[in-house]
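Trainee: Show me how the following folds:
(one chain, ligands or ions: 2)
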Amino acid sequence: MVITTPEHSLYAIAVEQFNQAADLIGLEDELRQILSTCKRELTVNFPVEMDDGSIKVFTGYRVHHNLAAGPAKGGIRYHPNVTLDEVKALAMWMTWKCAIMGLPFGGGKGGVRVDPKLLSPGELQNLTRRYTTEISILLGPHQDIPAPDVNTNPQIMAWIMDTYSMHRHGGVSVPAVVTGKPPILGGSAGRLEATGRGVVFAIEEAAKTYGIDLTQARVVIQGFGNAGSTAARLLDELGSRIVAVSDSRGGIYNPNGLDIPAVFAFKQQTGSVIGYPEAERVTNEELLELPCDILIPAALEEQITERNAARIRARLIAEAANGPTTPEADRILFDRGIIVLPDIYANAGGVTVSYFEWVQGLQHFYWTEEEVNSRLRAIMTRAFQAIHATAERYHVQLRTAALALAVQRVAEITRLRGIYP
Ligand SMILES: NC(=O)C1=CN([C@@H]2O[C@H](COP(=O)(O)OP(=O)(O)OC[C@H]3O[C@@H](n4cnc5c(N)ncnc54)[C@H](O)[C@@H]3O)[C@@H](O)[C@H]2O)C=CC1
Ligand SMILES: O=C(O)CCC(=O)C(=O)O
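Mentor: Numbering: from 1, shown residues only. Ligands and ions are numbered 1, 2, ... in the order given. You can find the predicted model right below:
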């Protein structure tokens, strides 16, 4: 049985990817139905008091895709284009991501339809606290543990923890209810950089396997936020040449290599990479087609599609973003021999260190950054080897191999639990 969704959507893309993996492992129809469906989809419409005293109603979501392996885990996104369909896809990808990394979590995700850049700090805090209250019927350290995603950060995680702790625990802090917190509130050392660091660990494994010399590699990065800027910094430290980076306003390109600490400082001062002096300006579309060895999409979904996949000039694509490549583009890239490190593996460093943060929060016992980073590297390396071996065995792309391993694991857990957890 092939599961279909009614219209073209991001969730339809996630289900199409799932179907490919389910076909590969010969998954039975009952489990196909269960695993291709989100368990819970909560929509909340909530009022927020603005600085001028007016009230605005915002819409937010929290979705649990699957809880067979443990409590729901996944970030919260603030973006004007957030939809329930997008959050469902992101939640499903979290299920597979946690499964590949062997984490005891199910998949969840949340989002609010808002442009946070238009809010004052006070309004942002009001919105976060009210949204947290609305979704708190799902939250808890053993039920659902949010984390940062696009446009959310440690300060927002601190407000989520405080709101939950005030309502549900008499004000005593419950650090394990959210990850990605500031370290002084129980956040893990290394969580802020974990997604970008994990991307770089994944690239290092791929480079060894496919014979790419990182000290000579030219790198292009779309998105210079948490994931993209950290990957840029760490690859720069490894000796790679970062030739182009971008943000929502566009990109900058210097074929001789950008001075990444200087670009980072420029972005901190001005709010954008645009205007950085020693580079030419490119659009986000042009940036994706620049000649390079490694392309890192680190912004939003559906950036590499059937329209531009034939013109991508990278040897390796490392997906820091969730869902940047459509299935049509995947097929074109595979035929062209371009290696894609799929999102559910390449960006899993974030949730892996979130797992470390959750464990530390439950125990109130904290690790050093060295411990965090070396455990992260070990898990990223192990997962790469398993995915690569599966891809070789079945002659499939790394995404299908990664999904097959993930779906297999969640299916096995579901069968052992007795099919309907
Ligand atoms: N923060 C985390 O721990 C994790 C993030 N991710 C994924 O990584 C991606 C980036 O997330 P973060 O770095 O956390 O977000 P962020 O909010 O820190 O940064 C996002 C960056 O993308 C840029 N951007 C937005 N729209 C763009 C567009 N249309 N074209 C080019 N750039 C654009 C923004 O200007 C910003 O530089 C997302 O897909 C997210 O789901 C995945 C795993 C974990
Ligand atoms: O750290 C986490 O729990 C989840 C981060 C996230 O949203 C993601 O991996 O896409």
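
Trainee: For the rest of this, base every contact and every neighbour count on C-alpha atoms.
Mentor: Will do.

Trainee: what about Leu119, neighbour count?
Mentor: When counting by other C-alpha atoms under 10 Å, one arrives at 14 neighbours for Leu119.

Trainee: now do Glu237
Mentor: Close neighbours of Glu237, defined as other C-alpha under 10 Å, add up to 12.

Trainee: if I look at it, how far off is Asp259?
Mentor: 11 Å (C-alpha to C-alpha, to the nearest Å).

Trainee: Low-confidence ranges, the chain, go.
Mentor: Counting by pLDDT under 70, the chain has low-confidence residues at 1-7, 419-421.

Trainee: residue furthest from the geometric center of it?
Mentor: Residue farthest from the centre of the chain, counting by C-alpha atoms, centre = their mean, is Gly53 at 35.6 Å.

Trainee: Just want the residue of the stretch 101-250 of the chain that's nearest ligand 2.
Mentor: Ligand 2 sits closest to Ala147 of the stretch 101-250 of the chain, with a gap of 4.7 Å, by C-alpha to the nearest ligand atom.

Trainee: Let me know the secondary structure of that residue.
Mentor: strand (DSSP: H, G, I helix; E, B strand; the rest coil).

Trainee: residues contacting it?
Mentor: Lys73, Gly74, Gly75, Ile76, Met157, Val178, Thr179, Gly180, Ser354 (C-alpha atoms under 8 Å, 6 or more residues apart in numbering).

Trainee: Now narrow the residues you listed to whatever sits close to ligand 2.
Mentor: Here is what survives when those are matched to ligand 2 using C-alpha under 6 Å from any ligand atom: Lys73, Gly74, Gly75, Ser354.

Trainee: isn't His65 right up against Leu42?
Mentor: No: the pair His65 / Leu42 is not scored as a contact, 11.3 Å apart, by C-alpha atoms under 8 Å.

Trainee: Who has more neighbours out of those two?
Mentor: His65 (29 against 15).

Trainee: give me phi/psi at the more buried one?
Mentor: Backbone dihedrals for His65, given as degrees, to the nearest 10, come out at phi -80, psi -50.

Trainee: for the one 10 residues further on, same thing?
Mentor: Recorded main-chain torsions at Gly75 are phi -80, psi 180, according to degrees, to the nearest 10.

Trainee: hang on, isn't it packed against Pro148?
Mentor: Yes: with contacts counted by C-alpha under 8 Å, Gly75 reaches Pro148, the gap being 4.8 Å.

Trainee: so how far is Arg399 from the closest residue to Ile379 other than its chain neighbours?
Mentor: Closest residue to Ile379 apart from its sequence neighbours, by C-alpha to C-alpha, 6 or more residues apart in numbering: Met101 at 6.7 Å. Distance of Met101 to Arg399, computed by C-alpha to C-alpha: 14 Å.

Trainee: Which one's more surrounded, those two?
Mentor: Each of Met101 and Arg399 has its neighbours counted (other C-alpha under 10 Å); Arg399 has more, 24 against 21.

Trainee: tell me which residues in the helix or strand where the more buried one lies are buried?
Mentor: Per DSSP states H and E: Arg399 is located in helix 398-417. Within helix 398-417, the residues scored as buried using 16 or more other C-alpha atoms under 10 Å are 398-412, 414.

Trainee: just stretch 280-295 next, same as before
Mentor: Within stretch 280-295, the residues scored as buried using 16+ other C-alpha under 10 Å are Arg281, Val282, Asn284, Leu287, Leu288, Glu289, Leu290, Pro291, Cys292, Asp293, Ile294, Leu295.

Trainee: just to revisit the earlier point, can you flag which of the ones next to ligand 2 among the contacts of Ala147 belong to helices?
Mentor: Mapping the ones next to ligand 2 among the contacts of Ala147 onto helices (DSSP state H) picks out Ser354.

Trainee: of the ones next to ligand 2 among the contacts of Ala147, closest to ligand 1?
Mentor: Looking across the ones next to ligand 2 among the contacts of Ala147 and measuring by C-alpha to the nearest ligand atom, the closest to ligand 1 is Gly75, at 7.3 Å.

Trainee: burial of that closest one, as a residue count?
Mentor: Gly75 has 27 neighbours, counted by other C-alpha under 10 Å.
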